[in-house]
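Asker: dropping a prediction and its sequence here:
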2 protein chains.
Amino acid sequence: MSSVSIPSAIPGAAHRVVIVGGGFGGLEAAKALRGAPVRVTLIDKRNFHLFQPLLYQVASGGLSPGDIAAPLRAVLRRQKNAEVLLGEVGGIDLAGRQVLLKGMGIEYDTLILAAGATHSYLGHPEWETFAPGLKTVEDATEIRRRMLFAFEAAELELSPETRRQWLTFVIVGAGPTGVELAGALGEIANETLREDFRRIHPSEARILLLDAASRLLPAFPEELSRQAERSLIRLGVRARCGVRVTGIDREGVTIERAEGVERVAARTAFWAAGIEAAPLARVLAAGSGLTLDRAGRVIVRGDLSVPDHPEIFVIGDLAHCEINGRLVPAVAPAAMQMGRYVARVIRKRLAGQGTEPFRYADKGTLAVIGRAAAVADFGTIRIGGWPAWLAWLFIHLMYLVGFQNRVLVFIQWAFHYFTFNRGARLITGGSRHRSPSGTV
Amino acid sequence: MSSVSIPSAIPGAAHRVVIVGGGFGGLEAAKALRGAPVRVTLIDKRNFHLFQPLLYQVASGGLSPGDIAAPLRAVLRRQKNAEVLLGEVGGIDLAGRQVLLKGMGIEYDTLILAAGATHSYLGHPEWETFAPGLKTVEDATEIRRRMLFAFEAAELELSPETRRQWLTFVIVGAGPTGVELAGALGEIANETLREDFRRIHPSEARILLLDAASRLLPAFPEELSRQAERSLIRLGVRARCGVRVTGIDREGVTIERAEGVERVAARTAFWAAGIEAAPLARVLAAGSGLTLDRAGRVIVRGDLSVPDHPEIFVIGDLAHCEINGRLVPAVAPAAMQMGRYVARVIRKRLAGQGTEPFRYADKGTLAVIGRAAAVADFGTIRIGGWPAWLAWLFIHLMYLVGFQNRVLVFIQWAFHYFTFNRGARLITGGSRHRSPSGTV
């Protein structure tokens, strides 16, 4: 490799750990290596850690991006054996043991790949223009822009038919993200904007939540699916399950059911139906001959390392990790456990000790539907409504990185709870995809 | 005109007041018409009122855009005689008394133009690419992105010369905005980022504040200029006055002084040197044969109406209003006073009463330089340092629209004061102008 090498800026220990990705897994691994006899280099293409479970609240104008983001440098500021580099990894030189960043090489002794996942449009990348997904801060402000703009366009629209199209929203995918977005949109239409318009009634908005599965929240127990559906109906959201989306364009969504093909005229659609591993998995596979699973994830061994490359670990949403035939789910707690586990493995290896394989402790799953409504599956305990909502609130505040963020989010939730208002409902930025209107 | 007419959505009174622009002047006019026997239509191309005096804090990562913005619909929600429309006014039909919006016409009996101002690059529009100005939320996040990215790029840069270019910042224009931006940047370099990097020392950043005038804050008394300069020096900012900028490109700024031409190698520059009236002034002038002043503003009569068109008022930064030979300054308090005055004129006209010409009550001027440093000119009282800073804090919190915003800003200022941290320092969005680096 002819690239210039960037040495570690950390003095001391010789063993260099390079972590790619500052999400839940990568950041947790870096933090768990505090005080270990290693030099940690965390690389991310963003300068902040994003608390993705609350991203839908940015998309629905309840929180600002800054409230759910923590600058990576600030998080690791006092960890003397860690440094942060901003950049996108373009390749991995497996033989030379370096990752390539802007044409420069960063050598590693141990490499942890934690680049996460991105949307998957199931073979229809052209749908992204008409139905953005929710993974990044930019996605969230784009969804917020379209959501709010639709009501503005309807207010100015003289044709009843077009106005109805502007007031119809389709959300594809009824997993937790889709349910949360639909619930927030229902609240916006029925509460936040209730008195804001003079020509339209925002509560006339039609919000359709589509999924190919036979019920919403398919990963949850059936009773909780039913409970979630009841909560959504109260917010004016109609869930339609067992339907397959076969087309999305600027004027609507085409769906297929047992009964036949149907067209939903809608000017606004959002995508929450599928994710796939970040392209870094393919970069790794191309160089190593590794196989990826159908979602593009790296199939890892019991200790989360890669076959034939014990010095490379893959964690979080980028990893396909099966334990006793069950796939570890792509959720934040799993990524964090993997990060901590890999840090432990590195410490043990350096101490010359052996390690046990990774075990996943399933703490349960939560989905929030709106004001005082949520469902929670803690294995033996399944709850809905108020208690689940309080659990959701408490857990999310607790895990949010940064004391300041916790205070700001708490205050905004309190305001929102008592006033129904959403302080951050700004229409900003041009469309990265298309302008919903020719003139604005 | 063949355009479709959009009738008012407000029932009752026949007299229709159309206000273009929801800034300080327009919004204040709309609010002051509450309860008046008129139907108010407020048109803005954004869905929110922006508290521009704090925009530099968004640009420097201290606040989020949502904290200093209030949705116009929320502000006017309970004002029964007002409605809000989102859109950009493309023309004015003076004879037919309607403004044109997306090809539709909105009839008025009284028209208030309050579209504000935008940057002026003094005949060099090509400079905008390399030195963005600070007027909109998008400007602020773009400046934030470039400011933070420069330190990241320096950290990864191996060439000492290029690294020095990345760590050199030029701010053109030493009025309040330039001084505030420079002070915030000085704090970021010396406090916020102090321990965040491993290869560079952010405090080595060179921050140059340039102005063609003989001293910074030329609109302030001389003693306050000197005091501001001392405060800036403590933050590592070097003010260079009496220099004329003759070129800006991606690698630096060319300046001309009495001593000759000089080149400052810098990868990041910001523009705070000039503003001009929004294009709406030209739209009005084209149809009416009105004359504009050099900054493109509409020269108004004593009652802020336009010559030959008593039914059209121009207020705020869009207006050139001279009182006893002195120009009313382009500041928020003046715009608000104009808005309230025009509302009073409209009420009196409808009641068949005469009106006095507009009088401007100058409450003083403030500029903040950083932590516990500001200058204030209240006419007879001139203060600096702590007392001015406290006055600044109090006044800005008091005038911020929305109780929730006030609480959020106060908390973030408190955090910032005690921890030096800036919670909203996110690098987001691509560049609208140019990418500072080919690869990120």
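Answerer: The structure has been received and is ready for your questions.
Asker: could I get the full set of strands for the stretch 201-350 of chain A?
Answerer: Under the criterion DSSP state E, counting those that start in this stretch, strands of the stretch 201-350 of chain A are mapped to A:206-211, A:237-241, A:244-249, A:252-257, A:260-265, A:268-271, A:275-277, A:298-299, A:305-306, A:309-314, A:319-320, A:322-323, A:326-327.
Asker: and the last one, which strands flank it?
Answerer: Read that as strand A:326-327. strand A:322-323 (antiparallel) (DSSP bridges).
Asker: show me how far the partner strand is from its chain's centre.
Answerer: 22 Å (CA atoms, centre = their mean, to the nearest Å).
Asker: kindly report the same for stretch A:161-178.
Answerer: 20 Å.
Asker: thinking again about what came up before, just name the most buried of the strands of the stretch 201-350 of chain A.
Answerer: Compared across those, strand A:268-271 shows the largest average neighbour count, a mean of 26 (mean count of other CB atoms under 10 Å in any protein chain shown). Just so you know, the C-beta spots here come from the backbone N, C-alpha and C atoms, and that holds for glycine as well.
Asker: contact residues of the stretch 151-300 of chain A facing chain B?
Answerer: Residues of the stretch 151-300 of chain A lying near chain B by CB under 8 Å from any CB of the partner chain: A:152, A:155, A:156, A:158, A:193, A:195, A:196, A:197, A:198, A:199.
Asker: if I look at the closest residue to chain B within the stretch 251-400 of chain A, how far off is residue B:427?
Answerer: Using CB to the nearest CB, the single residue of the stretch 251-400 of chain A nearest to chain B is residue A:400, 11.8 Å away. According to CB to CB, to the nearest Å, residue A:400 and residue B:427 sit 20 Å apart.
Asker: nearest residue to residue A:358 in space, please, no chain neighbours.
Answerer: Closest residue to residue A:358 apart from its sequence neighbours, by CB to CB, 6 or more residues apart in numbering or on different chains: residue A:341 at 4.9 Å.
Asker: just residue A:181 next, same as before
Answerer: Using CB to CB, 6+ apart, the closest residue to residue A:181 is residue A:56 (5.1 Å).
Asker: shouldn't the one you found be within a helix?
Answerer: Yes: when DSSP: H, G, I helix; E, B strand; the rest coil is applied, residue A:56 is found to be in a helix.
Asker: where's the residue in the stretch 301-440 of chain A that chain B sits nearest to, which helix or strand?
Answerer: Per CB to the nearest CB, the residue of the stretch 301-440 of chain A with the smallest distance to chain B is residue A:424, at 3.2 Å. Per DSSP states H and E, residue A:424 falls between elements, in no helix or strand.
Asker: for the residue lying closest to it once chain neighbours are set aside, phi and psi?
Answerer: Of all residues not flanking residue A:424 in the chain, residue B:66 sits nearest, at 3.2 Å (CB to CB, 6+ apart). Phi and psi for residue B:66, reported as degrees, to the nearest 10, are phi -60, psi -30.
Asker: what is the neighbour count of residue B:66?
Answerer: As a burial measure, residue B:66 scores 31 neighbours (other CB atoms under 10 Å in any protein chain shown).
Asker: from residue A:63, how far off is it?
Answerer: For residue B:66 relative to residue A:63 (CB to CB), the value is 8 Å.
Asker: and for these two, which residues touch both?
Answerer: Residues touching both residue B:66 and residue A:63 by CB atoms under 8 Å, 6 or more residues apart in numbering or on different chains: residue A:424.
Asker: tell me the pLDDT at the closest residue to residue A:23 other than its chain neighbours?
Answerer: Excluding the flanking residues, the one nearest residue A:23 by CB to CB, 6+ apart is residue A:116, at 5.0 Å. Model confidence at residue A:116, given as pLDDT, is 96.
Asker: residues contacting residue A:116?
Answerer: Counting by CB under 8 Å, 6+ apart, the residues that residue A:116 touches are A:21, A:23, A:25, A:277, A:278, A:316, A:317, A:318.
Asker: and if you look at residue A:176?
Answerer: A:217, A:365, A:366, A:367.
Asker: with secondary structure and neighbour count as added columns, please give the residues you listed in TSV.
Answerer: Formatted as TSV, the contacts of residue A:176 follow (DSSP: H, G, I helix; E, B strand; the rest coil; neighbours: other CB atoms under 10 Å in any protein chain shown):
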residue	secondary structure	neighbour count
A:217	coil	26
A:365	strand	19
A:366	strand	22
A:367	strand	26
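Asker: one step back: just the contacts of residue A:116 now: which is nearest residue A:83?
Answerer: residue A:21 (15.1 Å; CB to CB).
Asker: okay but the closest one is in contact with residue A:111, surely?
Answerer: No: using CB atoms under 8 Å, residue A:21 is not in contact with residue A:111, being 11.3 Å away.
Asker: what about the two, which has more around it?
Answerer: residue A:21 (29 against 25).
Asker: how far away is that one from chain B?
Answerer: 16 Å (CB to the nearest CB, to the nearest Å).
Asker: how much space between the residue lying closest to that residue once chain neighbours are set aside and residue B:211?
Answerer: In space, and not counting its chain neighbours, residue A:21 is closest to residue A:114: 3.7 Å by CB to CB, 6+ apart. Applying CB to CB, the value for residue A:114 to residue B:211 is 48 Å.
Asker: again with residue A:321
Answerer: With CB to CB as the criterion, residue A:321 and residue B:211 are 60 Å apart.
Asker: excluding its backbone neighbours, what's nearest the closest residue to chain B within the stretch 201-350 of chain A?
Answerer: Residue nearest to chain B within the stretch 201-350 of chain A (CB to the nearest CB): residue A:202, separated by 10.3 Å. Leaving aside its sequence neighbours, residue A:202 sits nearest to residue A:193 (CB to CB, 6+ apart; 4.0 Å).
Asker: who touches residue A:208 in this structure?
Answerer: Listed by CB under 8 Å, 6+ apart, the contact partners of residue A:208 are A:168, A:169, A:170, A:171, A:237, A:238, A:240, A:264, A:266.
Asker: coming back round to it: make JSON lines from the contacts of residue A:176 and add distance to residue A:292 to it.
Answerer: Below are those laid out as JSON lines (distance: CB to CB, whole Å):
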{"residue": "A:217", "distance to residue A:292": "27"}
{"residue": "A:365", "distance to residue A:292": "25"}
{"residue": "A:366", "distance to residue A:292": "29"}
{"residue": "A:367", "distance to residue A:292": "28"}
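Asker: adding pLDDT, write these out as TSV.
Answerer: Putting the contacts of residue A:176 into TSV (pLDDT from 0 to 100) gives the following:
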residue	pLDDT
A:217	94
A:365	87
A:366	87
A:367	88
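Asker: please tell me how far residue A:58 sits from residue B:419.
Answerer: Counting by CB to CB, the gap from residue A:58 to residue B:419 is 23 Å.
Asker: neighbour count winner among these two?
Answerer: A side-by-side neighbour count of residue A:58 and residue B:419, using other CB under 10 Å, places residue A:58 first with 27 against 14.
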